[in-house]
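>>> fold the stuff below for me.
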Amino acid sequence: MNELNFDSGCIYDIAVIGAGPSGSNFSRLVDSVKYKIVLIDGENEENKKPCGGLLSPDAQDIMARYNITLPSDILVSPQIFSVRTIDLESGLIRHYRRSYINMDRYKFDRFLLGMVPQSVSRIEGRCISISQEDKYYLLEIKGREQISVKIKAKNIVGADGASSIVRRTFFKKSTIQRYTAVQQWFYSADTNPFYSCIFDSSTSESCSWVFFKNGFLVFGGAFKPSGCRIAFEEQKRKLIDMGIIPGNIENSLVRTEACSVLRPHLFKGFCPGKNGVYLLGEAAGFISPSSLEGISSALLSSEKLADAFNSGKENLIYRKYKSGTLYLMGKLKLKCIKRPFMYNRKLRTIIMKTGILSINIKESAVK
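Have a look, this model is predicted:
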């Protein structure tokens with residue numbers, strides 16, 4: 001196990017599980033002089049999170065507030081100015097303006113991790129169990145070499161995504177819709193790369209996507225866990241039949257990856273935590289129910305929890321964090337209301353036929 005400033009005999013004030021955007025941003029912002037903090041980092045080059053790696057305008061705004069700029073090696077080609085929305089059932093195609101930053105998600109995560117101060121201890125490993133021992137929490141961490149260590153902490157921050165061990169251990173009754181995201185990478189020589197958002201209610205009640213990254217075509221989607229691979233292949237075949245992706249694409253397959261992804265509902269699914277256990281980002285259900293974008297919510301929720309800890313009133317941390325995320329929850333609930341207009345086949349067809357808010361693509365631009 002690789003350890004950075006790790007003290008196995010110490011009782012930490014805060015143990016942060018997960019070093020993605022929410023875990024790293026919280027560890028960067030919380031007062032690591034006042035609190036003794038350990039960050040558990042389970043991600044590595046061989047264990048990357050499957051993700052579209054598109055930085056939304058909301059996430060860009062949050063980073064701009066902190067005057068954070070991205071180094072060029074995080075960016076990938078091409079950069080995106082619009083999304084091609086495809087309804088596989090009606091055959092309708094529309095283009096809509098979007099200003100995402102196309103990036104390497106793993107490098108982005110490592111960039112944020114690099115901003116965490118040295119005063120924060122770090123363990124490279126995966127949390128495999130959490131239990132309560134008197135007024136402390138006992139965490140068992142397994143490293144890459146399968147060596148296990150145990151640490152104690154007064155507070156736990158679950159920043160470990162859709163499959164959060166923190167949420168599963170402490171908030172079993174807090175239910176939320178779960179999908180399986182399946183994604184494949186292919187070598188591609190396409191001279192006119194694009195970004196597409198795909199709807200097909202016969203195979204998925206969520207969305208799918210096609211985008212390009214430095215010479216790779218990536219196709220993925222979120223499907224019900226039961227039969228997810230069958231639905232994925234059926235949708236891919238439809239895209240081939242429509243000519244959206246090449247018919248010989250299987251010959252250039254590089255890798256297949258999958259992970260869980262969550263979707264909150266209007267009245268359930270959000271779970272900020274309680275009693276010294278807090279959840280950030282997707283672990284808390286803070287993810288867009290319409291687009292499944294989660295980086296902006298990860299950054300914002302981690303900022304609010306850090307503010308709550310830094311307030312100096314430890315008995316009010318939960319109350320301050322919950323009130324601090326009310327705006328975020330309200331915004332996500334509005335997206336829950338918006339979602340039927342995207343995912344209801346009849347409503348979507350009416351909206352796409354009107355062409356409202358769409359871009360009129362010139363013929364010469366698509367040759």
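>>> list the contacts of Leu75.
Leu75 makes contact with 101-104, according to CB atoms under 8 Å, 6 or more residues apart in numbering. Using the backbone N, CA and C atoms, a C-beta is placed for each residue, glycine as well.
>>> list the neighbouring strands of the host helix or strand of Tyr137 plus their orientation.
Tyr137 is part of strand 136-142 when elements are defined by DSSP states H and E. If you go by DSSP bridges, strand 136-142 pairs up with strand 126-133 (antiparallel), strand 148-158 (antiparallel).
>>> and the contacts of stretch 131-139?
Contacts with stretch 131-139, where a contact means CB under 8 Å, 6+ apart, come from 11, 15, 17, 40, 127, 129-130, 150-156, 276-277.
>>> model confidence over it, on average?
Across stretch 131-139, the average pLDDT comes to 91.
>>> likewise for stretch 150-165?
95.
>>> flag every buried residue along that stretch.
Using 16 or more other CB atoms under 10 Å as the test for burial, stretch 150-165 gives 151-162, 164-165.
>>> ok, now stretch 126-146?
126-127, 130, 136-137, 139, 141-143.
>>> now stretch 201-212
Result for stretch 201-212 [16+ other CB under 10 Å]: buried residues 203-204, 206-212.
>>> what's the first-to-last distance across that stretch?
24 Å (CA to CA, to the nearest Å).
>>> spatially central residue in the chain, please.
Among the residues of the chain, the one closest to the centroid is Gly294, at 4.2 Å (CA atoms, centre = their mean).
>>> how far away is that residue from Ser24?
Distance of Gly294 to Ser24, given as CB to CB, to the nearest Å: 14 Å.
>>> check Val182 too.
26 Å.
>>> okay, these two: which has more neighbours?
For the pair Val182 and Ser24, the greater number of neighbours falls to Ser24 (27 against 23), based on other CB atoms under 10 Å.
>>> need the pLDDT of that one.
Confidence score, pLDDT, at Ser24: 98.
>>> was I right about it contacting Leu39?
Yes: using CB atoms under 8 Å, Ser24 makes contact with Leu39 at a distance of 7.5 Å.
>>> overlap in contacts of these two?
Here Ser24 and Leu39 have Val116 as joint contacts, going by CB under 8 Å, 6+ apart.
>>> let me know the next secondary structure element after the host helix or strand of Ser323.
Per DSSP H and E: Ser323 is located in helix 317-324. Downstream of helix 317-324, the next assigned helix or strand under DSSP H and E is helix 326-343.
>>> what is that next one packed up against?
Secondary-structure packing of helix 326-343 (3 or more CB pairs under 8 Å, 6 or more residues apart in numbering; DSSP states H and E): helix 295-310, helix 345-354.
>>> if you count neighbours, what's buried in it?
328-329, 332-333, 335-336, 339, 342-343.
>>> next up, the contacts around Leu347.
Going by CB under 8 Å, 6+ apart, Leu347 touches 340-341.
>>> where along the stretch 51-200 of the chain do the strands fall?
Along the stretch 51-200 of the chain, the segments classed as strands by DSSP state E, counting those that start in this stretch run 54-55, 82-87, 93-97, 101-102, 121-124, 126-133, 136-142, 148-158, 177-187, 196-199.
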